[in-house]
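Trainee: Provided below are the primary sequence and the corresponding predicted coordinates.
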Amino acid sequence: MVMFIAGGVIAGLSGAVLVGFIGVWAPATWLYPETIVLFAALIVGGRGNNLGALLGALLVPVGFEEVTRFLPQVGPPGLIPAMQWVAIGLLIIGFLWFRPRGTLPERRRVFADPPPAGAPNQSGANSTHRVAPEEEGCADRSRPLLAAEGVERRFEGLRAVDGVSIEVFPGRITGLIGPNGAGKSTLLAVLAGTLPASAGRILLGGADVTRLPAYQRAQRGLVRTFQLSSEFAQLTVLENLLVAVPRHRGDSLAGALRGRSYWWADERPAVLRARALLARFGMSAQESEYGGTLSGGQKKLLEIMRALMLGPRALLLDEPMAGVHPSLVEEIAACVESLRDEGLAILMVEHELSMVDRLCDPVIVMAQGQVIGRGSMPVLRRQREIVDAYLAG
């Protein structure tokens, strides 16, 4: 008898769980009103915060659906339930207009204040690139730091990059120009390792890195930025810089589980270095702003700063001034010039020829996947083939 009763209890509990499961997850029972209530709860409570989600779940489903059951009937039948949805709609509009991040929005991570001015800096925060002891010979500005030899990239029958050979020297900005579809961005992707080369060799500091993946090339000092900004919109500017720090103790699951006392020794100098970059690029005031709220030009600066957090020896810039307000174009140009003066090897794809003329020497011209000319801009302008292919078009 006891077993019979116990079996009945278990069966009853199983049925209750099944009914709840079907009511929550079955597509047939998930209707339009449930979707509206869910989104309203997220908008009112706030995304990215557990307490905000709980508050939204209490306010919207309980406050608007359950409370209306106890209101006296006024007017024709169904008026109260209809007005409930009107109220939810007005609530959504009000929050999106006046408080788009919700009642309890995601809490930004605020870092400790920097040390007082004049305090000694043990982190190397003012350095933007590194030269490892075994690579010091590669800092010779008369020898190329980055070289491509007969590089090809084929997409089935299309040769996007066709036998390209280039050299990038330390302390110079090498320009890469050409019409749309010439293969410039594809070449940058092949050099950085985000696309494999179909043929040819890529040398970094004299070492063959052709078969290395992108992250290993970045660890060796070959870093790129992208034509379209790829910031983390829901991270602050400072956090966007910190994600690029290589070999951080907290990167692994085991390191994260060991807690702040384990990885703080790595994070503190990284924060100092990130703040030094923000000060250098004039963005200290945006340290705690979300990456997604920055302007187009500020996002381009953020891309460059994040690349510099890796301590590159060679920097690949893909149209850093495209779509940027003229006031910020000058800031980006000045920053790139200062990096060049520090000895960084830079390869820059850019369509703004006035900036190429000002910053780049030499300049390499590509068309249909091939290099059709190289030299200074005044020399290139006198070559009819290049004028026909690009400059006049």
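Mentor: Good, I have the coordinates.
Trainee: tell me where this structure has helices.
Mentor: 2-25, 32-45, 50-57, 79-98, 184-192, 214-219, 237-242, 253-257, 260-280, 296-308, 326-341, 353-359, 377-381, 384-386 (DSSP state H).
Trainee: what about the fourth one, distance to the chain center?
Mentor: Just to be clear, that refers to helix 79-98. 36 Å (CA atoms, centre = their mean, to the nearest Å).
Trainee: quick check: buried residues in it?
Mentor: Neighbour counts over helix 79-98 (16 or more other CB atoms under 10 Å) mark 84, 88, 91, 92, 95 as buried. No exception for glycine: its C-beta is placed from N, CA and C like everyone else's.
Trainee: so which of the helices of the chain is nearest residue 142?
Mentor: Among the helices of the chain, the nearest to residue 142 by CB to CB is helix 326-341 (15.7 Å).
Trainee: tell me where the model's unsure across the chain.
Mentor: Filtered on pLDDT under 70, the chain yields the residue ranges 1-4, 15-30, 63-72, 74-75, 77-78, 80-81, 107-140, 389-393.
Trainee: how's it carved up into domains?
Mentor: Using automatic domain parsing, the domain parsing of the chain gives 1-30, 31-103, 145-231+294-391.
Trainee: can I get the ones you listed in CSV with distance to residue 255?
Mentor: Formatted as CSV, these follow (distance: least, CB to CB, whole Å):
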stretch, distance to residue 255
domain 1-30, 36
domain 31-103, 24
domain 145-231+294-391, 18
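Trainee: any idea how far the nearest residue to residue 368 once chain neighbours are set aside is from residue 240?
Mentor: Sequence neighbours aside, residue 182 is the residue nearest to residue 368 in space, at 6.7 Å (criterion: CB to CB, 6 or more residues apart in numbering). Here residue 182 is placed at a distance of 31 Å from residue 240 (CB to CB, to the nearest Å).
Trainee: with residue 218 instead?
Mentor: 16 Å.
Trainee: picking that back up, residue 261 is nearest to which of the domains of the chain?
Mentor: So among these, domain 145-231+294-391 is nearest, using CB to CB, at 23.4 Å.
Trainee: how long is stretch 37-53 end to end?
Mentor: 12 Å (CA to CA, to the nearest Å).
Trainee: neighbours of residue 55, how many?
Mentor: For residue 55, the count of nearby residues is 18 (other CB atoms under 10 Å).
Trainee: same check on residue 164?
Mentor: Neighbour count for residue 164, taken as other CB under 10 Å: 24.
Trainee: leaving out chain neighbours, which residue sits closest to it?
Mentor: residue 151 (4.9 Å).
Trainee: residues touching that neighbour, list them.
Mentor: Residues near residue 151 by CB atoms under 8 Å, 6 or more residues apart in numbering: 161, 163, 164, 165, 187, 190, 191, 197, 199, 200, 201, 202.
Trainee: right, and the first one touches residue 189 too?
Mentor: What that stands for is residue 161. No: counting by CB atoms under 8 Å, residue 189 is not a contact partner of residue 161; they are 9.2 Å apart.
Trainee: between these two, which contacts overlap?
Mentor: residue 153.
Trainee: which one of those two has more residues nearby?
Mentor: When neighbours are counted by other CB under 10 Å, residue 161 and residue 189 differ, and residue 161 comes out ahead with 29 against 22.
Trainee: give the bridge partners for that one, please.
Mentor: Beta-bridge pairing of residue 161 under DSSP bridges involves residue 153.
Trainee: distance of it from residue 52?
Mentor: 49 Å.
Trainee: so who does the most centrally placed residue in the chain touch?
Mentor: Among the residues of the chain, the one closest to the centroid is residue 231, at 2.6 Å (CA atoms, centre = their mean). Contacts for residue 231 (CB under 8 Å, 6+ apart) come out as 240, 291, 292, 294, 299, 302, 303, 306.
Trainee: rerun that using 6 Å as the cut-off
Mentor: 240, 291, 299, 302 (CB atoms under 6 Å, 6 or more residues apart in numbering).
Trainee: out of the residues you listed, which is nearest to residue 106?
Mentor: For the contacts of residue 231, the nearest to residue 106 is residue 291 (13.2 Å; CB to CB).
Trainee: I'd guessed the closest one sits against residue 229; true?
Mentor: No: contact criterion CB atoms under 6 Å: residue 291 and residue 229 do not qualify, at 8.7 Å.
Trainee: more neighbours: which of these two?
Mentor: It is residue 291, of residue 291 and residue 229, that has more neighbours when counted by other CB under 10 Å, with 23 against 19.
Trainee: quick one, phi psi at the nearest residue to the more buried one once chain neighbours are set aside?
Mentor: Excluding its sequence neighbours, the residue lying closest to residue 291 (CB to CB, 6+ apart) is residue 231, at 3.8 Å. Main-chain torsions, residue 231, degrees, to the nearest 10: phi -70, psi 160.
Trainee: please apply the same query to residue 105.
Mentor: phi -70, psi 170.
Trainee: ok, how many other residues are close to it?
Mentor: 15.
Trainee: how about stretch 348-365: buried residues?
Mentor: In stretch 348-365, counting by 16+ other CB under 10 Å, buried: 348-350, 352-353, 355-357, 359-360, 362-365.
Trainee: of these, which pair is most distant in space?
Mentor: 352 and 362 (17.4 Å).
Trainee: what's the spacing between the residue nearest to residue 164 and residue 201?
Mentor: 7 Å.
Trainee: and residue 271, by the same measure?
Mentor: In terms of CB to CB, residue 271 sits 39 Å off from residue 201.
Trainee: looking at those two, which one has more neighbours?
Mentor: Remark: of residue 271 and residue 201, residue 271 carries more neighbours, 20 against 15, as counted by other CB under 10 Å.
Trainee: closest one to residue 106 among the helices of the chain?
Mentor: Across the helices of the chain, residue 106 has its closest neighbour in helix 50-57 (7.8 Å, CB to CB).
Trainee: chain center to the closest one, what's the gap?
Mentor: Counting by CA atoms, centre = their mean, helix 50-57 comes out at 28 Å from the chain centroid.
Trainee: any buried residues in it, and which?
Mentor: 52, 53, 55, 56, 57.
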